[in-house]
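Undergrad: sequence first, then the predicted structure:
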Amino acid sequence: MGLHGKLIAAIEFKAGGDVFHQLWRHNPHQLPSVAPHKIHSCDLHGGQFGHVDSILFWRYTHDGKRMTVKEVIQAIDEEKRLVQSKVVEGDIMQLYKDFFLTCHVETKGAVDLVTWTLEYEKVKEDVEHPISLLSFFIDLTKDIETHHLAKH
């Protein structure tokens, strides 16, 4: 009971939803220059940036610890400005049997919202829900926003 979970956060993004989507889909390797205290590298291990079935290997700091994750891009929907991936290796897999990350941008009126969805299955009941990881993505979104607003 309670091994499966889903966390969702929507964050207003004042620098333009298309800006965020283009960075996340096509240029994630630029994130270390945007948020170097969080993202250390994003390397392509297969395929092409911005394409389904590409494999990305990330080095990052979460909760004060240096970590790694390898993900496979499973779906991209340009109309919905959506990128969905499955984690296949890395530190997260010590706690979660399955871990999926979806990021999409929607515009409501004049407001762009970046929505993060974490879907997961814990390896055992006493593993915590990845709330601090969701906070990581919220903070990363704000860092990207600050970076782009400062540039323009």
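TA: Received, thanks.
Undergrad: for the longest helix belonging to the chain, output the C-alpha coordinates as CSV.
TA: Ordering each helix of the chain by length in residues (DSSP state H) puts helix 131-151 first. Written as CSV, here are the backbone C-alpha positions of helix 131-151 (Å, rounded to 0.1, in the frame of the first residue of the first chain):
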residue,chain,number,x,y,z
ILE,A,131,9.0,16.1,-2.1
SER,A,132,12.5,17.5,-1.8
LEU,A,133,13.2,16.5,-5.4
LEU,A,134,10.0,18.3,-6.5
SER,A,135,11.3,21.4,-4.6
PHE,A,136,14.6,21.0,-6.5
PHE,A,137,12.7,21.4,-9.8
ILE,A,138,10.7,24.3,-8.5
ASP,A,139,13.9,26.1,-7.5
LEU,A,140,15.5,25.2,-10.8
THR,A,141,12.6,26.7,-12.7
LYS,A,142,13.0,29.9,-10.6
ASP,A,143,16.8,29.9,-11.3
ILE,A,144,16.1,29.6,-15.1
GLU,A,145,13.5,32.5,-14.9
THR,A,146,15.9,34.7,-13.0
HIS,A,147,18.7,34.0,-15.4
HIS,A,148,16.6,34.8,-18.5
LEU,A,149,15.0,37.9,-17.0
ALA,A,150,18.5,39.2,-16.1
LYS,A,151,19.7,38.7,-19.6
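Undergrad: contacting residues around the one helix or strand Ile11 maps to?
TA: Assessed by DSSP states H and E, Ile11 sits inside strand 4-12. With contacts defined as Cβ atoms under 8 Å, 6 or more residues apart in numbering, strand 4-12 is touched by 111-122, 129-131, 134, 137-138, 141-142. Any C-beta I mention is one placed from the backbone N, CA and C, and that applies to glycine too.
Undergrad: where does the protein dip in pLDDT?
TA: 1, 152 (pLDDT under 70).
Undergrad: helices of that one, start to end?
TA: So, for the chain - with DSSP H - the helices run 17-26, 31-34, 131-151.
Undergrad: centre of the chain to the shortest one, how far?
TA: To tie it back to what came earlier, the one meant is helix 31-34. From the chain centre to the centre of helix 31-34 is a distance of 14 Å (Cα atoms, centre = their mean, to the nearest Å).
Undergrad: just checking, what packs against it?
TA: strand 39-46, helix 131-151 (3 or more Cβ pairs under 8 Å, 6 or more residues apart in numbering; DSSP states H and E).
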